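In: the following block contains a protein sequence and its predicted model.
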Amino acid sequence: MTPDQVKALIEAALPCQSVEVEGDGHHFYAAIVSPSFAGLKLLERHRLVKERLKAHLDSGELHALSLTKTQTPDEAQ
């Protein structure tokens, strides 16, 4: 899997203002700005993303995803 493929999975899973993904094919790091994070604490934001990508994580298609930034559009400004 490539960073662009992981980005596409995230964008399909929730509405995003921006998504940046880096990785080496096994471990990926994502910075996400989404209105879906409004009112959620950090752990809840991470759970939301991981729940939406659960099938890909469980199958091993997406091996490891670290969320380096999860912000609302207001927080990102």
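Out: Looks like it arrived, so ask away.

In: check contacts around residue 3.
Out: 21, 22, 23, 28 (C-beta atoms under 8 Å, 6 or more residues apart in numbering). The C-beta positions use only the backbone N, C-alpha and C, and glycine is treated the same way.

In: now swap in residue 64 and tell me
Out: By C-beta under 8 Å, 6+ apart, the residues touching residue 64 are 26, 27, 28.

In: and the strands in the chain, which stretches?
Out: 18-23, 27-33, 64-71 (DSSP state E).

In: can you redo those as JSON lines with mean pLDDT?
Out: As requested, the strands of the chain are exported to JSON lines (pLDDT from 0 to 100):
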{"stretch": "strand 18-23", "mean pLDDT": "97"}
{"stretch": "strand 27-33", "mean pLDDT": "97"}
{"stretch": "strand 64-71", "mean pLDDT": "96"}
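
In: deepest-packed of those, please.
Out: Counting by mean count of other C-beta atoms under 10 Å, strand 27-33 has the highest mean neighbour count of the strands of the chain, with a mean of 19.

In: which other residues reach it?
Out: 1, 3, 6-7, 10, 16-23, 49, 62-73, 75-76.

In: pairing partners for that strand, with directions?
Out: strand 18-23 (antiparallel), strand 64-71 (parallel) (DSSP bridges).

In: how about those strands, which one is nearest residue 36?
Out: strand 64-71 (9.4 Å; C-beta to C-beta).
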